[in-house]
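using only what follows, build the 3D model:
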Amino acid sequence: MMTINVAVLLAVIVVMRLRRRTQARSRREERDTAFLVLALGILIAPTPVGQGIFNGIGQLVHGISQAGS
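Okay, here's the model as predicted:
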C-alpha cells in the first residue's frame, strides 16, 4: 500500500506553480499560490525538518545581528 505525505504533495504543487512565468499569472493564481505556501509552512513547522530550518534561520539572523554591532 502506498501512502502520500500531504506536505510532499503540497511541495510538489508549489514548485510546479512557481516554475511558471510571473507574467502569465493572474491575481487569483498568485493568491492561491500564497495560500498553498502558507499551508505547506504550517504542515512542515512541527516536524523535525521544520524545526531544523527554524533553528538554522535563527542562527543566521543571530550571526548577522552580531556582525552588525
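
quick check: residue 39 vs residue 61, distance?
24 Å (Cβ to Cβ, to the nearest Å). The C-beta positions use only the backbone N, C-alpha and C, and glycine is treated the same way.

who has more neighbours, the two?
Counted by other Cβ atoms under 10 Å, residue 39 and residue 61 do not tie: residue 39 has more neighbours, with 15 against 10.

so the more buried one sits right up against residue 9, yeah?
No - between residue 39 and residue 9 there is no contact under Cβ atoms under 8 Å: 10.7 Å.

tell me where the protein has helices.
Here the chain has its helices, by DSSP state H, at 6-18, 27-44, 48-68.

could you dump those helices to CSV with mean pLDDT?
CSV is the format used below for the helices of the chain (pLDDT from 0 to 100):
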stretch, mean pLDDT
helix 6-18, 84
helix 27-44, 85
helix 48-68, 84
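
ok now stretch 30-46, how far from the chain's centre?
Remark: stretch 30-46 is offset 6 Å from the chain centroid, using Cα atoms, centre = their mean, to the nearest Å.

which residues are contacting it?
6-7, 10-11, 13-14, 17-18, 25, 50-51, 53-54 (Cβ atoms under 8 Å, 6 or more residues apart in numbering).
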